[in-house]
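**Q** Could you work out the structure for the sequence below:
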Amino acid sequence: MSIVLLVHIAAGTVSVLAGASALIARKGGGVHRLAGGTFVASMVVMALTAAFVGISDRGNAVAAGLTIYMVFTGWMTARRKRFRAGPTEIGAFLVAATFAALGYASAFAIATGAREAENPLILTATLVVSTFMALAAIGDLSLMLRPGVSNAHRIARHLWRMCFGLFIAVGSFAAQGAEALPAAWPRIEMLLGSMALVLLVMSFWIVRVLFTSWSKRNVAGAAGTSTMAGA
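**A** Modelled structure (predicted):
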């Protein structure tokens, strides 16, 4: 096993543990900020090493770029008290729109038979990821057209992007772990279940942040910190 692959596995493990810690820790506290920073750094390392290990696989390069985009824009969102669109958001919009367009083109090629999928889940996964990237692009464009955003929307933007990064990390971790399970175990169900759990947690907190008074009660602790979920 190569050194790069070992670093990839280690970074993936750290990212899952750090992401879970950030979700559990008190928001805005030192543990949360440390866990959030560790999560971002480990996710970037995981993505870059994944692209290097599978350098001949276009899918790995796309996944790496998508992961870095999500955690970087989520991290940048949390660091700003007064969030307004700038050059970073303009660049982020172009990246997200490009990834979404390429993803939908790939899904169309698979659906029409122009491209052969490695397994039956590839088409669904491609559509899901492309849709998330399209939503991210729409969010970036919305920021460019508005003078500013409320604290609740800033936290929600940070929340779903960081959680989507965790979704990718958990999916990768579960997929690799499933290979080591006995053949009789429900591997696909465990993989999909672990990823669905992240999406459910993300959805719960987005609803709480946007449609309750949580962000107002926690504005002092949330502003300018890495807020991945809620307390």
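
**Q** Would you tell me what helix or strand Leu191 is located in?
**A** Taking DSSP states H and E as the definition, Leu191 sits inside helix 187-211.

**Q** quick check, distance from that helix to the centre of its chain.
**A** Here helix 187-211 is found 12 Å from its chain centre; the criterion is CA atoms, centre = their mean, to the nearest Å.

**Q** what helix or strand is the residue nearest in space to the middle of the chain on?
**A** With distances taken as CA atoms, centre = their mean, Gly165 lies nearest the centre of the chain, 2.0 Å away. Under the criterion of DSSP H and E, Gly165 resides in helix 151-178.

**Q** buried ones in that helix?
**A** Using 16 or more other CB atoms under 10 Å as the test for burial, helix 151-178 gives 151-174, 178. No exception for glycine: its C-beta is placed from N, CA and C like everyone else's.

**Q** who does that helix touch, helix- and strand-wise?
**A** Helices and strands touching helix 151-178, by 3 or more CB pairs under 8 Å, 6 or more residues apart in numbering; DSSP states H and E, are helix 3-24, helix 30-53, helix 58-78, helix 121-145, helix 187-211, helix 214-217, helix 219-222.

**Q** make it 7 Å
**A** helix 3-24, helix 30-53, helix 58-78, helix 187-211, helix 214-217, helix 219-222 (3 or more CB pairs under 7 Å, 6 or more residues apart in numbering; DSSP states H and E).

**Q** Could you tell me the angle between that helix and helix 58-78?
**A** Counting by axes from the mean of the first three to the mean of the last three CA atoms, to 10 degrees, helix 151-178 points 150 degrees away from the direction of helix 58-78.

**Q** Let's test this: mean pLDDT of helix 151-178, rounded?
**A** Across helix 151-178, the average pLDDT comes to 80.

**Q** Output the below-cut-off pLDDT ranges for this structure.
**A** 1, 54-60, 80-85, 148, 175-187, 215-231 (pLDDT under 70).

**Q** one step back: so who does the residue nearest to the residue nearest to the centre of the chain when sequence neighbours are not counted touch?
**A** Nearest-residue entry for Gly165: Val71, 4.2 Å, with adjacent residues in sequence omitted and distances by CB to CB, 6 or more residues apart in numbering. Going by CB atoms under 7 Å, 6 or more residues apart in numbering, Val71 touches Val40, Met43, Val44, Met162, Gly165.

**Q** what about Val71, distance to Pro120?
**A** To Pro120, Val71 is 29 Å away according to CB to CB, to the nearest Å.

**Q** do the same with Ala196
**A** Counting by CB to CB, the separation of Ala196 from Pro120 is 18 Å.

**Q** So those two - more neighbours on which side?
**A** Using other CB atoms under 10 Å, the more surrounded residue of Ala196 and Pro120 is Ala196, with 12 against 8.

**Q** residues contacting the more buried one?
**A** Contacts of Ala196 (CB under 7 Å, 6+ apart): none.

**Q** at 10 Å instead, please
**A** Phe167, Val170 (CB atoms under 10 Å, 6 or more residues apart in numbering).

**Q** And it, how close does it get to Ile24?
**A** Going from Ala196 to Ile24 by CB to CB gives 19 Å.

**Q** same question, Tyr69
**A** Applying CB to CB, the value for Tyr69 to Ile24 is 25 Å.

**Q** out of these two, which sits in the more crowded spot?
**A** Applying other CB under 10 Å to Tyr69 and Ile24 shows that Tyr69 carries more neighbours, namely 22 against 13.

**Q** Quick check: the more buried one touching Ala92?
**A** Yes: contact status for Tyr69 versus Ala92: in contact at 6.7 Å, counting by CB atoms under 10 Å.
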